[in-house]
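S.K.: What follows is a predicted structure for the sequence shown.
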Amino acid sequence: MRRAVIAFTAFLGGLIFLLAGPAHAGPADCQGLRGTLKLQGQPVNGAKLAVTTEGGQPVETVTTNAEGTWDVQVDKPGKYKVTLDPASLPQNAEVRGGNNIRTPTVYEGNCSTVLYALQPKGAANQQQGGGETSTFWAQAAQLTFEGLNLGLIIALAALGLSLIYGTTGLTNFAHGELVTLGAILAYAFNIGFGLHLIPAAVIAVIVAGVLGYLQDRLFWGQLRRRGTGTIAMMIISIGVALFLRYVFLIFFGGQTEAYAQYTAQPGVEFGPISAAPKNFVAMGIELAVLIIVGIALLRTRTGKAARAVADNPALAASSGINVDRVIRIIWTFGGAIAALAGVMLGLSQNLKYTMGQDVLLLIFAGVTLGGLGTAFGALVGSLVVGLFIQVSTLWVPPELKSVGALAVLIIVLLVRPQGILGRRERIG
Amino acid sequence: MDWITILSTTIKAAVGVETVLYAIGAIGLNVHFGYTGLLNFGQAAFMGVAGYGLAVTVTVMGLPFWVGIFVGLAAAVVLAILLGIPTLKLRADYLAIVTIAAAEIVRLIFRSVQFKSVFGGSDGQRGFSDGFYALNPFPEGEYGFNLGPVPLLFGHRTMWVLTVGWVLIALFSFVVYLLMKSPWGRVLKAIREDEDAVRSLGKSVFSYKMQALVLGGVIGCFGGFIYGLGYASVQPDVFGTETTFYMYTMLILGGAARVLGPVLGSMIFWVLLVLFYNVMTEAVAAGYITFLDTNQVGAMRWILVGLGLILLLIYRPQGILGDKREIAIDARR
Amino acid sequence: MHDAETTVAATDRKAAALAAFKDLARDPGVPKPDPILVADNVVRRFGGLTAVEVNHVEVQRGSITALIGPNGAGKTTFFNQLTGFDTADSGTWTFNGRPINGVPAHKVARAGMVRTFQLTKALSRLTVMENMRLGAQQQKGENFWRALIPGVWRGQEEEITERAEELLVRFKLDAKRDDFAGSLSGGQRKLLEMARALMVRPELVMLDEPMAGVNPALTQSLLGHVKDLREQGMTVLFVEHDMDMVRDISDWVIVMAQGAVIAEGPPSTIMSDERVIDAYLGAHHDAPLSESELEAQLHEAEAALEAEIHETDGTTGGTSAPEPETAEEKQK
Amino acid sequence: GGGGDTATQASQSAAPASSAPAAKGDGTLTLGTLLPQTGSLAFLGPPEFAGVDLALKEINEAGGVLGKPVAKFDTDSGDTTTNIASQSVDKLLAQKADAIIGAASSSVSESVIDKITGAGVVHFSPANTSDKFTTIEDKGLYFRTSPPDKLQGRVLGDLIIADGNDTVGIMAMQDSYGTGLADQVQKTVTDGGGEVVERVDYDPKAADFSADVAKLKAKNPKGIVLIGFEETAKVVQELVKQGMPADKHKWYMVDGNTSNTNYVKMPKGTLTGVKGTIPGAAAPEEFQKKLTTVDPDLEDFSYAPESYDAANLIALAAEAAKSDAGVDIATKLEEVSKGGTKCKSFKECVDLLKAGTDIDYDGVSGPVEFDAAGDPAVATIGIYQYGDDNKYATKALEYRTGNIAG
Amino acid sequence: MSADEAPVQSKAAVTDRSAHLEGAEDAVLRCDELIAGYLPGVNILNGSDLYVKDGELIGIIGPNGAGKSTLLKAMFGLVTIRSGTVVLKGENITNMKAHSLVARGVGYVPQTNNVFPSLTIEENLEMGAFQVPGKFKERFEFVAELFPALKERRKQRAGSLSGGERQMVAMARALMTEPSVLLLDEPSAGLSPKLQDLVFIQAQQINKAGVTVIMVEQNARRCLQICHRGYVLDQGRNAYTGTGRQLADDPKVIELYLGTLAKA
Ligand SMILES: Nc1ncnc2c1ncn2[C@@H]1O[C@H](COP(=O)(O)OP(=O)(O)OP(=O)(O)O)[C@@H](O)[C@H]1O
Ligand SMILES: Nc1ncnc2c1ncn2[C@@H]1O[C@H](COP(=O)(O)OP(=O)(O)OP(=O)(O)O)[C@@H](O)[C@H]1O
Ligand SMILES: CC(C)C[C@H](N)C(=O)O
Ligand SMILES: [Mg+2]
Ligand SMILES: [Mg+2]
């Protein structure tokens, strides 16, 4: 079945190529209708076409020549009616879809082309008739894959956000820009310094980690020391987001860019799924990072200290935890992970100075859905968001795909106000 | 450099249509966030449903202007209730995300091709403001005065919008002032601090939150009307998350939970934005700034706005009118 | 000393309460002559843990009832169920004969049953006075439309303020009147919490460890106030670990352990109940330690310590540990 | 308005009576630009600014307009998510701009057209292609050098049919440009005997386009039409990834995404054979060179010719009207664009004008003949084809000139 | 109700600092004329002095809002000291960060917010032993014996614990490190009588082992019974000082701070 479709497509491709050459070599000042009739790549000679005005006034009746072409010049621009006489077609040919009447419009000084797609008799509409259900499931499989792909990238970005939120209580609206930063840094090393993307990405992630460290050291940490409240910090982060985004615009420009390697990597078929090899590698890396960080947070001393700081910084300090140090580590990792997410996003899609901002809402949705401040929550929530966005397009128009995911967010929170993995606080 | 133009546009921006509409939206937000502690990040949606309510009623259904205003108001109330029922039981930060999500859903529906015949797709709707301008008491011409060499003049249409707008601002500020001094406002502020405590004192938290949500939404929806009427058009992307962000910025800038905070914040925001931009374009054009070209000035202004916002909050975290003591109380305990 | 006149007045109500309890059996769940609150089969589980499993309990109207029990016995959780702050897995309870299980918290409070929180809930960025005012019920100005016309609620507001001021003086918070509640000390929060609950003018006030962290001298004077409340016809149900207080003011004591009511009775008898001593009071249930007891305790401790020091000798470096004897000498 | 010239034409002035005496006809032609420095069209800002700058340079080298050098103020149009455009217009109006060139996006133009035309200023867009502007209420002050989507849609649709695509899938950016153009293509294709088996209107700001492409894939169309801006690069990636490369399906692009910079990093041959349509006549190469003298960093040239022509036309109309007031310019714009001695540059035209000759300015972007609605009546659409290097030859396969109307 | 009115204007307050200066000479930890507060311009501590000698058990009592907790927090670097000094074993530690004090052997149990709600009990205790992770097992066994309830529930999140259970966790957390100076802010509050006893005994035992203990208590009588010396703090100043027994028997202190209830 599948094989047949592919073969047929290849055949069509050939057909198109054959058609492409001479079709529009007509005279520049042409006013009328024309067309070419072909059956399986071979011109159809002697097919009869009757051209009438819209009202039915006969204009001309023509027969296709040896190249299969026909041409009717008209005096007045306007709507015309073209009828192909099916009887004049070769025995084995028929018009696909069966409709042999066309109603094209002729514009002043221009020729309009009229198309009759011919097919061997009985070759029932292969194009659409390929069994709706199998297409549905193939599409569903592809979309599920896309959902996982997107979900994992979101999860990575969400993890960075969740780490920082969890430790400092900062709702960081500039997180999208940290994602962008990673992508742009990798771009700079990749294009600017001519490194291969892989080392470029590694360096970018490291640099972003260092920048994350410095950001806390020189900025957020200072604010904390001044006793700036979390709401003020949140608004400050909006300022930071604006600042960074437009700095990117100045240095990177407003256009879309791609990395030097792996762009438009041709897809490979895996059963019903068609995907680029880079997607699989990226997903593997993402999953590994997510799980390692998640476990580290649960098991390592620093991870626990991070959660302790999140709960109560003063008490953490009283327990001998160097709060500033823990927060700095988190910022370093958070920045690096966000950057990695950026590289992955840039790899999977393209780079733009607003790329992070564009996914910020999804990141927030993922974090919230999973339960704020829980590492694995971010993973679960983001996967749900990613899957919903993609799979929902089976039923809703793609332009509304975010609606599905956001609606799910609202519904889940209705049932579990604390998020999927979140815990309710006790009262009293 | 053309200082006269710079001054003129800057001063005009302090009272201009943008200032008015953002101020109104921010007043509503102040009721939500400043007083009740509802982190509503969907304020733009309230403006949106109002603007579209008006636009669709007049252009698509062909009904009179006043009916449009009524429909817009009703739409805001309905949105508040629809949004409130599922969300008001959520913790503040969850509420924030859900309201963003809801607002995005509203915006995406406005801009979708599916409903293009009703909402006009991404271009929105226009041609519904005639009813409003028909009421314009100002005859055609320019109004204002010259401040020395600086002309501060508005056309009659703008003048009419501004008059209505500032009257609304005064009205809403007064209402908020009255309410927040009253026991009703006290309950809201208490909810902001600790819902359970308020519950234990016999107040229906849900009902008060809902009232606050509706009130803030209805106030905010007038911002949507002013937008629609001021520009004689509505477009979906104007009612995106950014708009809400800017309103928050203004609110915090002016001072949350202060009656005039949002108004002052909005004025400062737009003045700074316009001033930065004008000065920089002029400076680039005149060759004083050489490291930027004109294309980058637009970006530079947002950089400066971001920077200004950061600095303001660092040095005055409570906002211009805010109370330092309130900030010093750690919200965590 | 200070509450001479209240003591006199108190006697009749107290006597009435005592009389009501006089002939009651000392069994858990014993029926009271005039119960204001009756709870049946209240169960609350958290995962595998059964925090509350109360078969039957009644609270006598006009009395001061203490609810005691070891930490984690389920006292607070029980309060949460009764007042609608948590949903019980099962159970029914009535207040003034009206079933109120499943009723939301604010309605419970409006019905006249008000609780305080063990971990205080101060409304941080409201002043102490605003905190108090909030407690008052049926405020005209709490209606949206009426709030817009100050004239409508002004008078009532003044009356409320006056009442609040009186309470604040009693609770020694008058100096903090215009400070943000968020700036109060731990003990002051407890005081505010209780004063605010009293602003509601409840029929039944449920206090969750009201005096933990409150200065003893102040506690003492506040006890007088609580007794006053009883005189005004209020019913008080309180959780407390301070046995002096329990003994001083309660007419009746209910003991909970592991979620269930294990004993009930007047304070004097309950404190000598074997189960209660075991589960709750421990060896030194009564009165502060006498000198000799203290000595005994110390020696015991020393012995244990001696053993420990021998074990861990050398591992604890740093500070030069003084000889135990020195410390003991100093004590004498 | 001041000056005797304007007084004679006052009767046909649609502008409101101005109480500020110095507002109009001050002798200096002042142009304002309202073009994207930020926002979703930021990438089109540079060529558009360059076009205007080049025209201005040439105009002022040729002695300016009405004997004075032309003044110009640049502003940002942002995009529809901000209110920047409106602020910018306020500023330009305060600076006494006589004509405003912009905005690029139809949506942005729509949001400020009332403001601009209400002030009696010419609103001249080099890039708006939405059909709406043909019929919009504009007091006769709105003009554009870019052809409404009708023509491009027609040409593209016919091209698709001529190439034998009986099943067509359309991916269109969801805005007035994208959906308008897609509608036009769809209509032409359907009339010509093809079938549009899937039409996906996507949100250009979407995080990714895999679902949109998956929809297309399910229908497996022969021809795929990509209508959008720079985000098309993402769509292309997705098409390649999901197994619908250009060598299996026929891809078609449009002016918004037929770019020589957008796809160069893709593997060789990704776009081989892909065709794209761009409004504008032949031989822009020399013009492009001139542009790079104004802005050496230019990579894309879309709408630079239209911007250039817009500035020239305004200047010529001002000369013809002997006034720099917006309303006066507007009355002459149609005249200088057609019916008379053909001329191709400002210098050439202005000399003819000074000699009292009726001129017909033929621009870089095409013949530019305004109809009564202020749209170009005739325009040329070039059909370009990509080669192995993922760039298209600057020489088109074919140019089709046609009337927009009809 | 005389006691309710007017806070104490103590005439008997330690007016002569000489006693303090003299006693403080060989102190492990001493505070001199501390001035500190939370809000700008409002001082909560108005020049309080305090010293504690090696191996001493010190009690601090006083009315609510006197500044007892603030004093502890100031010593521990959690409230900014505006003037005055804190000296630990000869080293000036004024305004030093809390975690570095922990490294110097100071432990602290706050009055409120004294557990990490989203961490399990075990993790809470692990945080207590943050700087000496090697000792965790051993110390855990020790505190588990003191508060068996904790061991049973080791995997329960502290946020769901009852008030008293939290207090146990808080106390246990501080005991994880074996500090040389221990600051306790109302450790017995909210505990059952049985456990209150335990806390006081434990404080004494720890003290016996050579740990210097400073204890703030509203269970004032009990506190004064076991402490070597006591301070009465009022309005941010030392109102009375003396040995525990002296204070406990002082009629003025009884009237103003201790009450007569517990004397029964
Ligand atoms: N949300 C919850 N999740 C899990 N366990 C809980 C939760 N709430 C309470 N518990 C457990 O239920 C038991 C009863 O708690 P409760 O707070 O009612 O005790 P209490 O009697 O008030 O104790 P205390 O005197 O210490 O305040 C405790 O063991 C506590 O750990
Ligand atoms: N975070 C804070 N911000 C502002 N003021 C505060 C803060 N914490 C405490 N205060 C004020 O400082 C004073 C002393 O508080 P502190 O907590 O030290 O009292 P305390 O002696 O420990 O009382 P308690 O016995 O009730 O715990 C109180 O008046 C209180 O209002
Ligand atoms: C810059 C252009 C591609 C803009 C597009 N023609 C529009 O009208 O929106
Ligand atoms: Mg409890
Ligand atoms: Mg304290």
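M.R.: Happy to help now that I have it. Ligands and ions are numbered 1, 2, ... in the order given.

S.K.: okay, now the residue nearest to residue A:91 when sequence neighbours are not counted: neighbour count?
M.R.: Spatial nearest neighbour of residue A:91, chain neighbours left out: residue A:121 (7.8 Å); criterion: Cβ to Cβ, 6 or more residues apart in numbering or on different chains. From N, CA and C alone the C-beta is placed, and that goes for glycine too. Neighbours of residue A:121 under the rule other Cβ atoms under 10 Å in any protein chain shown: 12.

S.K.: and residue A:121, what does it touch?
M.R.: Neighbouring residues of residue A:121 by Cβ atoms under 8 Å, 6 or more residues apart in numbering or on different chains: A:91, A:92, A:93, A:94.

S.K.: Doesn't the first one lie inside a helix?
M.R.: Read it as residue A:91. No: per DSSP: H, G, I helix; E, B strand; the rest coil, residue A:91 lies outside any helix segment and is coil.

S.K.: Count the residues that sit near it.
M.R.: Counted with other Cβ under 10 Å, residue A:91 comes out at 6.

S.K.: just to revisit the earlier point, from the contacts of residue A:121, which single one is nearest residue A:45?
M.R.: Closest approach to residue A:45 among the contacts of residue A:121 (Cβ to Cβ): residue A:93, at 11.6 Å.

S.K.: For that closest one, give its distance to residue E:237.
M.R.: As judged by Cβ to Cβ, to the nearest Å, residue A:93 and residue E:237 stand 109 Å apart.

S.K.: Look at those two and report which has more neighbours.
M.R.: The neighbour comparison of residue A:93 against residue E:237 (other Cβ under 10 Å) goes to residue A:93, with 21 against 18.

S.K.: element containing the closest residue in space to residue B:185 that isn't next to it in sequence, please.
M.R.: Nearest residue to residue B:185, sequence neighbours excluded (Cβ to Cβ, 6+ apart): residue B:179, at 4.9 Å. Assessed by DSSP states H and E, residue B:179 sits inside helix B:156-181.

S.K.: tell me which residues of that helix are tucked away?
M.R.: Using 16 or more other Cβ atoms under 10 Å in any protein chain shown as the test for burial, helix B:156-181 gives B:156-166, B:168-169, B:172-173, B:175-176, B:178-180.

S.K.: Check the burial of residue D:296 by counting its neighbours.
M.R.: Residue D:296 is flanked by 8 other residues according to other Cβ under 10 Å.

S.K.: what do you get for the one 4 residues further on?
M.R.: Neighbouring residues of residue D:300 were enumerated by other Cβ under 10 Å; the total is 17.

S.K.: Just want to check the distance between it and residue A:246.
M.R.: Taking Cβ to Cβ, one finds residue D:300 at 21 Å from residue A:246.

S.K.: Over to residue B:162?
M.R.: Taken as Cβ to Cβ, the span from residue B:162 to residue A:246 is 30 Å.

S.K.: Next one: residue 24, what pLDDT does it get?
M.R.: Just going to use chain A. Residue A:24 carries a pLDDT value of 39.

S.K.: Actually, chain E is the one I wanted.
M.R.: With respect to pLDDT, residue E:24 scores 75.

S.K.: Around ligand 4, pick out the residues from chain D.
M.R.: Nowhere does chain D come near ligand 4, counting by Cβ under 5 Å from the ion.

S.K.: Can you show me the helices along chain D?
M.R.: D:4-9, D:45-61, D:84-94, D:106-118, D:132-135, D:149-162, D:176-191, D:210-219, D:232-241, D:285-294, D:304-321, D:326-337, D:346-354 (DSSP state H).

S.K.: who wins for proximity to residue B:266 among those?
M.R.: helix D:84-94 (13.7 Å).

S.K.: and the angle for that closest one with helix D:106-118?
M.R.: Angle, helix D:84-94 to helix D:106-118, by axes from the mean of the first three to the mean of the last three Cα atoms, to 10 degrees: 30 degrees.

S.K.: give me the low-pLDDT residue ranges for the stretch 201-333 of chain B?
M.R.: B:293-295, B:326-333 (pLDDT under 70).

S.K.: Pick out the residue closest to the middle of chain A.
M.R.: residue A:349 (6.2 Å; Cα atoms, centre = their mean).

S.K.: ok, that one touching residue D:235?
M.R.: No: in this structure residue A:349 lies outside contact range of residue D:235 using Cβ atoms under 8 Å: 10.0 Å.

S.K.: Could you tell me which residues touch both of these two?
M.R.: Counting by Cβ under 8 Å, 6+ apart, the residues touching both residue A:349 and residue D:235 are residue D:209.

S.K.: My understanding was that residue D:230 contacts residue D:261; is that so?
M.R.: No: judged on Cβ under 8 Å, residue D:230 makes no contact with residue D:261 at a distance of 9.1 Å.

S.K.: Name the residues contacting each of these two.
M.R.: residue A:255.

S.K.: Who has more neighbours out of these two?
M.R.: Neighbour count, other Cβ under 10 Å: between residue D:230 and residue D:261, residue D:230 has more, with 24 against 17.

S.K.: distance of the residue nearest to residue B:185 from chain A?
M.R.: Going from residue B:179 to chain A by Cβ to the nearest Cβ, to the nearest Å gives 22 Å.

S.K.: In contact with the residue in the stretch 201-332 of chain C positioned nearest to chain A, which residues?
M.R.: Residue nearest to chain A within the stretch 201-332 of chain C (Cβ to the nearest Cβ): residue C:208, separated by 6.8 Å. Taking Cβ under 8 Å, 6+ apart, we find residue C:208 in contact with A:428, C:75, C:76, C:79, C:115, C:116, C:117, C:118, C:238, C:239.

S.K.: what about 7 Å?
M.R.: A:428, C:76, C:79, C:115, C:116, C:117, C:118, C:239 (Cβ atoms under 7 Å, 6 or more residues apart in numbering or on different chains).

S.K.: Around the fourth one, count how many other residues there are.
M.R.: This means residue C:115. 28.

S.K.: give me every residue that touches the spatially closest residue to residue D:57 that is not a sequence neighbour.
M.R.: Spatially, and ignoring its direct neighbours in sequence, residue D:57 is nearest to residue D:294 (6.6 Å; Cβ to Cβ, 6+ apart). Counting by Cβ under 7 Å, 6+ apart, residue D:294 touches D:50, D:53, D:54, D:57.

S.K.: any weak-confidence spans in the chain?
M.R.: Went with chain A since none was named. A:1-29, A:122-134, A:373, A:420-423, A:427-428.

S.K.: that answer is for a different chain, and I need it for chain D
M.R.: Using pLDDT under 70, the flagged stretches of chain D are D:1-25, D:39-40, D:43, D:80-83, D:207, D:282-284, D:406.
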